[in-house]
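Colleague: Sequence first, then the predicted structure, then my questions.
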Amino acid sequence: MIRIGRRVKGIIERDKKVIFTTTRSLYPFVADRFDGYYAYDIEGNKFLDFSTFISIYNFGREGLELARRAIKLQVDKLMHSAFQDFYAELPVVTAEKLISLLPNGFGRVFFSNSGTEANEDAIKLARLFTKRPYLLAFYNSFHGRSLGSLSMTSSKVAQRAHLGPFVGFYHAFYPNPYRCPFHSSSPEECAEESLDFIENFLFRKVVSPEEIAGIFVEPVQGEGGYIVPPKEFIIGLRKLADEHNILLIDDEIQAGLMRTGKFVAMDHFGVKADIYTFAKALGGGLPLGATVAKRSLGDTPEGSHAGTFGGNLLSIAASNALLDYIKRNRAKLEQMAARKGSMILKRLNEMRESYELVGDARGLGMMLAIELVKSKESKEPATKEREAVLNKCFEKGLILLGSGESSIRIIPAITMPEELINKGLDVLEEAIKEVSNKGA
């Protein structure tokens, strides 16, 4: 059982006095170090990590060691080269490797510092390339918190309150098979209704498709609850975009870099985007975003876009090492994510069958979640119960993160040994059982 002492409590008290409030209120974890599978707090408490610090450390100990070694080699040479004002070799090499892992036809990269920046860059590129003013995103989506990407984000009111007006963006319904917004009888019907809403309502009554520059979509909604859409939906979006000469923009920030068993999660649907955005695992623990566009779209006008720290050499060094690792081990990582993901999903479905509290289990590869409900019949979100489960897991030495209104994401490192995965799942089930028996 984890014991929280004065040092942890003291840091949290000091934090609240000098740091703006973010999203850290659930449990008292004060990070100190990490070995790829276990995280340790400043008092030496040891936690099995099922969060990968929000899908950053996808490749566990191997990836962590490669990134650290590359950073240490680079730090004594040059940390910041003002890459977008002066040339440097390493970002070019890294961009070439990133492009080589994408479908054929991709040819230009813009490096930034985060996921929200990568999406801001994609907004600008879509407008520059099409000369159209508007973009389409989806309800329950998350694309970032800076003002442009926040205009597309719509997973929680708190993220947008008092920050408008949001201009230039429209939203449509994302087909959630567990909670279809149209109350359809099947996932396929839900996908059809979602596409029909865009084509026959939005494009006929609200905005002309000839004014839409791009459609932003997460192949798996992340902060919205790890929602996997029906395959027909992503295929239909590609068709819809093609019919109206709209760019399809794939936000791979949380789902990319092998998390779902594919380098880009959209590959599961047999669809290619026009622009991809990446961050999180791309920097191996350092800030790095990337926006990658099809070669056929062309280039940006000189002076239209740049940034001080994009292509920072320490972040790029870590990314270059990890992309090398992925290129060498791609088939192995695909098999590993598929095998372990199936194993985890089987356990999660067994929990769903055993406990009234677990309403749904879902995911792709090793991007998985359970959704907690007060009853399977009502599907009322069990928000307090979700908090209780997360706290109990923390007390038992397992770090997890919530997602959506009442879901829990399960995202251990792809390389985590199966015995550690099963150990974590045992802790999760024990916590669910305790909350089910005692209530939140």
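Modeller: Received it, and whenever you're ready, just let me know what you need. Numbers count the residues shown, from 1 in each chain.
Colleague: which residues of the stretch 201-350 of the chain fall in strands?
Modeller: 212-217, 247-251, 275-278, 289-294 (DSSP state E, counting those that start in this stretch).
Colleague: among those, which is nearest Glu385?
Modeller: For the strands of the stretch 201-350 of the chain, proximity to Glu385 was assessed by CB to CB; strand 247-251 is nearest, at 29.6 Å. Where you see a C-beta, it was placed from the backbone N, CA and C, and this is true even at glycine.
Colleague: hmm, who's touching the closest one?
Modeller: 115, 119, 122, 126, 129-130, 141, 143, 213-219, 237-238, 241, 264, 266, 271, 273-277, 297 (CB atoms under 8 Å, 6 or more residues apart in numbering).
Colleague: If we use 7 Å, what do you get?
Modeller: When contacts are taken as CB atoms under 7 Å, 6 or more residues apart in numbering, the neighbours of strand 247-251 outside the stretch itself are 119, 122, 126, 129-130, 143, 213-219, 237-238, 241, 264, 266, 273-277.
Colleague: what's the answer for stretch 216-230, then?
Modeller: Everything outside stretch 216-230 that qualifies as a contact, by CB under 7 Å, 6+ apart, is 135-138, 140-143, 152, 155, 174-177, 187-188, 190-191, 234, 237, 249-251, 254-255, 260, 265-266, 269, 362-364, 367-369, 371, 403-404, 407, 409.
Colleague: Buried ones only from the residues you listed, please, as a PyMOL command.
Modeller: Only the buried members of these end up in this PyMOL selection, burial being decided by 16 or more other CB atoms under 10 Å:
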select buried, resi 135+136+137+138+140+141+142+143+152+155+174+175+176+177+187+190+191+234+237+249+250+251+254+255+260+265+266+269+362+363+364+367+368+369+371+403+404+407+409
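Colleague: Among the contacts of stretch 216-230, name the ones in helices.
Modeller: When DSSP state H defines the helices, the subset of those inside them is Met152, Pro187, Glu188, Cys190, Ala191, Ile234, Leu237.
Colleague: Put together a markdown table for the residues you listed, with pLDDT and distance to Ile71 on each row.
Modeller: Formatted as a markdown table, the ones in helices among the contacts of stretch 216-230 follow (pLDDT from 0 to 100; distance: CB to CB, whole Å):
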| residue | pLDDT | distance to Ile71 |
| --- | --- | --- |
| Met152 | 96 | 32 |
| Pro187 | 97 | 43 |
| Glu188 | 98 | 47 |
| Cys190 | 98 | 45 |
| Ala191 | 98 | 43 |
| Ile234 | 98 | 36 |
| Leu237 | 98 | 38 |
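Colleague: Which pair in those has the greatest spatial separation?
Modeller: For the ones in helices among the contacts of stretch 216-230, with distances taken as CB to CB, the pair at the greatest spread is Met152 and Glu188 (26.0 Å).
Colleague: in the stretch 51-200 of the chain, which spans are strands?
Modeller: 106-112, 134-138, 169-172.
Colleague: Partner strands of the longest one and their direction?
Modeller: I take that to be strand 106-112. strand 289-294 (antiparallel) (DSSP bridges).
Colleague: Equivalent analysis for the last one, please.
Modeller: Take DSSP bridges as the rule and strand 169-172 pairs in its sheet with strand 134-138 (parallel).
Colleague: avg pLDDT for the partner strand?
Modeller: For strand 134-138, mean pLDDT rounds to 98.
Colleague: quick one, what contacts the nearest residue to Gly310 once chain neighbours are set aside?
Modeller: Spatially, and ignoring its direct neighbours in sequence, Gly310 is nearest to Phe111 (4.3 Å; CB to CB, 6 or more residues apart in numbering). When contacts are counted by CB under 7 Å, 6+ apart, Phe111 is found next to Pro91, Leu288, Ala290, Gly310, Gly311.
Colleague: who wins for neighbours among these?
Modeller: Leu288 (29 neighbours; other CB atoms under 10 Å).
Colleague: Can you verify my assumption that that one contacts Ser319?
Modeller: Yes - under the criterion of CB atoms under 7 Å, Leu288 lies in contact with Ser319, with a separation of 5.6 Å.
Colleague: Residues that sit against both of the two, list them.
Modeller: Shared between the contact lists of Leu288 and Ser319 (criterion: CB under 7 Å, 6+ apart) are residues Leu282.
Colleague: domain ranges for the chain?
Modeller: The chain resolves into domains spanning 6-60+332-438, 64-328 when parsed by automatic domain parsing.
Colleague: Please convert the strands of the stretch 51-200 of the chain to a markdown table, extending it with distance to Ser51.
Modeller: Formatted as a markdown table, the entries for these read as follows, by distance: least, CB to CB, whole Å:
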| stretch | distance to Ser51 |
| --- | --- |
| strand 106-112 | 24 |
| strand 134-138 | 25 |
| strand 169-172 | 28 |
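Colleague: Which one of these lies nearest to Arg3?
Modeller: strand 106-112 (40.9 Å).
Colleague: most packed of the strands of the stretch 201-350 of the chain?
Modeller: The highest mean neighbour count among these belongs to strand 275-278 (a mean of 29), with neighbours defined as mean count of other CB atoms under 10 Å.
Colleague: avg pLDDT for that one?
Modeller: Within the predicted structure, the mean pLDDT of strand 275-278 is 98.
Colleague: Tell me how far that strand lies from the chain's centre.
Modeller: Using CA atoms, centre = their mean, to the nearest Å, the distance from the centre of strand 275-278 to the centre of the chain it belongs to is 12 Å.
Colleague: next one: stretch 174-190
Modeller: Taking mean C-alpha positions (CA atoms, centre = their mean), stretch 174-190 and its chain are 22 Å apart.
Colleague: Looks like Leu64 contacts Asn58 (just checking).
Modeller: No - when contacts are counted by CB under 7 Å, Leu64 is not listed as touching Asn58 (10.2 Å).
Colleague: Before we move on, what's the pLDDT of Tyr27?
Modeller: Here, the pLDDT recorded for Tyr27 equals 89.
Colleague: For it, what is the enclosing helix or strand?
Modeller: Following DSSP states H and E, there is no helix or strand that holds Tyr27.
Colleague: burial of the closest residue in space to it that isn't next to it in sequence, as a residue count?
Modeller: Leaving aside its sequence neighbours, Tyr27 sits nearest to Phe394 (CB to CB, 6+ apart; 4.3 Å). Residues contacting Phe394 under the criterion other CB under 10 Å number 21.
Colleague: Wait, a helix at Phe394?
Modeller: Yes - Phe394: assigned to a helix according to DSSP: H, G, I helix; E, B strand; the rest coil.
Colleague: Distance-wise, check it relative to Glu430.
Modeller: 13 Å (CB to CB, to the nearest Å).
Colleague: Same check on Asp32?
Modeller: According to CB to CB, Asp32 stands 26 Å off from Glu430.
Colleague: Just to check, Tyr170 is in contact with Tyr134?
Modeller: Yes - in this structure, Tyr170 sits in contact with Tyr134. The criterion is CB under 7 Å, and the distance is 6.3 Å.
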